[in-house]
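[1] Below are the sequence and a predicted model for it; my questions follow.
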Amino acid sequence: MKKTIVIGGGPAGMIASGFAAKNNEVILFEKNHKLGRKLFITGKGRCNVTNACDPEELIQNTPGNPYFLYSAFYTFDSYATMNFFEQLGVKVKVERGNRVFPVSEKSSDIVKALIRFMENNNVDIRLNSKVEDLIVENNKIVKAIVNGKSIEIENVIIATGGLSYPVTGSDGDGYKFAKKMGHKITKLYPSLVPLKTAEKWCSQLQGLSLKNIELNIFINNKSIYKGFGEMMFTHFGITGPLVLKASRSLIGKYNQNINGYIDLKPALTEKELDNRILRDFEKFINKSFKNSLDELLPQKIIPIIIKLSNIDENKKVNSVTKDERKKLCDIIKRLPITITGDNGYNEAVVTAGGVCVDEIDPSTMKSKIIENLYFAGEVIDVDSYTGGFNLQIAFSTGYLAGNNVNS
């Protein structure tokens, strides 16, 4: 059997090594002291393992080179992923937005299942093992330097991840290896990342979560993103599923004028909202304006809305004019924020950019430059939105790489 090494013990590396070991002697090298460090923290520790949708929907939710993944998604789709873990003893469930989680809600169960899969296929797992260099001769990798020692090899699968969450060991090693061997690395950006805002009042709302709101983002007055869902205010700006998805549309654009608007009541037209406000004013007719919005808005955001509306907070509601109500409606429907940047790789879910897909065979994940080199996962220039899609990329590309070694 030929000796194949897999560099990286994340989801892509683990699944690739398990499948590769069916026809190869496989060694998986992981520089950390344990496998799947980033996997442990996905889905807030619950592990959003995939999204229960068909391959076309997987493609639609992948802004980063979606059609490169056509073969990967159709060969090993989300239902194959769900079945894979069920067969390993991890029952899964489908939640809102077709997001799939282990029934136990423990990411550790997913990691343990992948380790069982590797052990069942006799993968030689080596922790605390840093691959320092790959030696190429005649367009073929012949040796790996690991912890200062040379190992002769026949195949390599690079599954080192990107740059996001560097505390988990993501430091761009895979890009360095690929670049040294002649591969182009496209420009790298943090993606699915919290956003910074210029407004200081956001910090006053820190921890406030808003559900069923709409977020619109414009660059130089041109709409580039519109979404519905959940978000949260932070000490630096905004975060949450809706914001992370929006951030994908902003990579490389923070030098431009970026304005966002939050619709706190997207289910209501301005006229319907005005009528609702009038009903509340009638109900609280003897109260001051600052005490009239409790049933309409979260308590924490009311002082900000009042300040932005320029209506005297002590004014009796029966004295609020039609024009003032119009301004109030406008603020509620278009709460303005100015986006100034993002929180970088430390808080980014994924890295956008990576090994150029033009130089990888999409049906096998094999390099078109080096004859015994394969890639899997985030190191490739592919990325998706939140909702389990990025882990599906890891599993689909890992499956292809592992199954096609020596094919």
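    Received the coordinates, thanks. Numbers count the residues shown, from 1 in each chain.
[2] shaky segments in this structure?
    Counting by pLDDT under 70, the chain has low-confidence residues at 1, 407.
[3] hmm, try it at 80
    Along the chain, segments meeting pLDDT under 80 span 1-2, 43, 165-170, 406-407.
[4] Look through it and tell me its longest helix.
    If you go by DSSP state H, the chain has its longest helix at helix 389-404.
[5] May I have that helix as PDB, with CA atoms only?
    Output in PDB follows, covering the C-alpha atoms of helix 389-404 (Å, rounded to 0.1, in the frame of the first residue of the first chain):
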ATOM      1  CA  PHE A 389     -22.800  25.000   4.500                       C
ATOM      2  CA  ASN A 390     -19.100  25.400   5.200                       C
ATOM      3  CA  LEU A 391     -18.800  22.100   7.100                       C
ATOM      4  CA  GLN A 392     -20.500  20.500   4.100                       C
ATOM      5  CA  ILE A 393     -17.800  21.900   1.900                       C
ATOM      6  CA  ALA A 394     -15.200  20.200   4.200                       C
ATOM      7  CA  PHE A 395     -17.000  16.900   4.200                       C
ATOM      8  CA  SER A 396     -17.700  16.900   0.400                       C
ATOM      9  CA  THR A 397     -14.200  17.900  -0.700                       C
ATOM     10  CA  GLY A 398     -12.600  15.600   2.000                       C
ATOM     11  CA  TYR A 399     -14.600  12.700   0.700                       C
ATOM     12  CA  LEU A 400     -13.500  13.400  -2.900                       C
ATOM     13  CA  ALA A 401      -9.800  13.800  -2.000                       C
ATOM     14  CA  GLY A 402      -9.800  10.700   0.200                       C
ATOM     15  CA  ASN A 403     -11.500   8.500  -2.300                       C
ATOM     16  CA  ASN A 404      -9.500   9.700  -5.300                       C
END
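[6] Who are the packing partners of that helix?
    Here helix 389-404 touches helix 11-20, strand 50-51, helix 70-75, helix 78-87, strand 373-375, going by 3 or more C-beta pairs under 8 Å, 6 or more residues apart in numbering; DSSP states H and E. The way it works is simple: take the backbone N, C-alpha and C, and place the C-beta from them, glycine included.
[7] Now tell me what touches the first one from outside.
    It stands for helix 11-20. 4, 6-7, 26, 28, 30, 35-36, 39, 84, 114-115, 117-118, 120-121, 123, 155, 157, 159-161, 374, 376-378, 391, 394-395, 397-399, 401-403, 405 (C-beta atoms under 8 Å, 6 or more residues apart in numbering).
[8] wait, which of the helices and strands packed on helix 389-404 is closest to Glu57?
    Ranking these by proximity to Glu57 (C-beta to C-beta) places strand 50-51 first, at 7.6 Å.
[9] For the closest one, which strands pair with it and how are they oriented?
    strand 99-102 (antiparallel) (DSSP bridges).
[10] So what touches the strand it pairs with?
    43, 46-52, 78, 81-82, 85, 90-95, 109-110, 387-388.
[11] Report the buried members of the residues you listed.
    Among the contacts of strand 99-102, those classed as buried by 16 or more other C-beta atoms under 10 Å are 43, 46-52, 78, 81-82, 85, 90, 92, 94, 109-110, 387-388.
[12] which parts of stretch 256-274 are buried?
    Ile258, Gly260, Tyr261, Ile262, Asp263, Leu264, Lys265, Leu268, Leu273, Asp274.
[13] Can you tell me which of the residues you listed comes closest to Leu335?
    Ile262 (4.2 Å).
[14] Give me the three-state assignment for that closest one.
    The three-state assignment at Ile262 reads strand, by DSSP: H, G, I helix; E, B strand; the rest coil.
[15] Show the residue spans covered by the helices in the stretch 101-250 of the chain.
    107-120, 173-180, 201-204, 241-247 (DSSP state H, counting those that start in this stretch).
[16] which of those is buried the deepest?
    helix 241-247 (a mean of 24; mean count of other C-beta atoms under 10 Å).
[17] Show residues contacting it.
    Under C-beta under 8 Å, 6+ apart, the answer for helix 241-247 is 191-195, 213, 215, 217, 225, 227-232, 260, 342, 349, 385-387.
[18] swap the cut-off to 7 Å and go again
    191-195, 215, 217, 225, 227, 229-231, 342, 349, 385-386 (C-beta atoms under 7 Å, 6 or more residues apart in numbering).
[19] Just the buried subset of these, please.
    191-195, 215, 217, 225, 227, 229, 231, 342, 349, 385-386.
[20] List just the nearest of these to Ser209.
    Met231 (7.4 Å).
[21] Now the closest one. Nearest residue, chain neighbours left out?
    Once flanking residues are discounted, Met231 sits nearest to Gly240: 3.7 Å by C-beta to C-beta, 6 or more residues apart in numbering.
[22] surely that neighbour meets Glu230?
    Yes - at 5.2 Å, Gly240 counts as touching Glu230 under the criterion of C-beta atoms under 7 Å.
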